[in-house]
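**Student:** sequence and predicted structure are below.
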Amino acid sequence: MTSMTHNRPEITGGVDTHGLTHHAAVVDSVGRHLADREFPATIRGYRDLLDWMRSHGRLA
């Protein structure tokens, strides 16, 4: 039996919520800022935000 390793870095995401937009950021496991971005506060915006976070690594 073979095992799969998880090579994606572990990241933490945070969101500052507002009425019409949400500002999201991701940091690595030692707290270094990786990226931040603003998304609309809509169903599509929530999905895009989560996809964007996951594109930077494995959410902790």
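**Tutor:** Yep, it's here.
**Student:** could I get the pLDDT score of H6?
**Tutor:** We note a pLDDT of 66 for H6 in this prediction.
**Student:** again, but for the one 10 residues further on
**Tutor:** D16 is assigned a pLDDT of 98 by the prediction.
**Student:** without its sequence neighbours, what residue ends up closest to it?
**Tutor:** H23 (4.5 Å; C-beta to C-beta, 6 or more residues apart in numbering). The way it works is simple: take the backbone N, C-alpha and C, and place the C-beta from them, glycine included.
**Student:** give the next helix or strand downstream of the helix or strand containing the one you found.
**Tutor:** Using DSSP states H and E, H23 falls within strand 21-28. Proceeding N to C from strand 21-28, the next assigned helix or strand is strand 33-40, under DSSP H and E.
**Student:** circling back to that earlier point, contacting residues around the residue nearest to D16?
**Tutor:** Contact partners of H23, counting by C-beta atoms under 8 Å, 6 or more residues apart in numbering, are V15, D16, D36, R37, E38, F39.
**Student:** please apply the same query to T17.
**Tutor:** A41.
**Student:** tell me the contacts of V27?
**Tutor:** With C-beta under 8 Å, 6+ apart, V27 has these contacts: I11, T12, G14, H33, L34.
**Student:** repeat that for G45.
**Tutor:** G45 is in contact with T21, H22, F39, counting by C-beta under 8 Å, 6+ apart.
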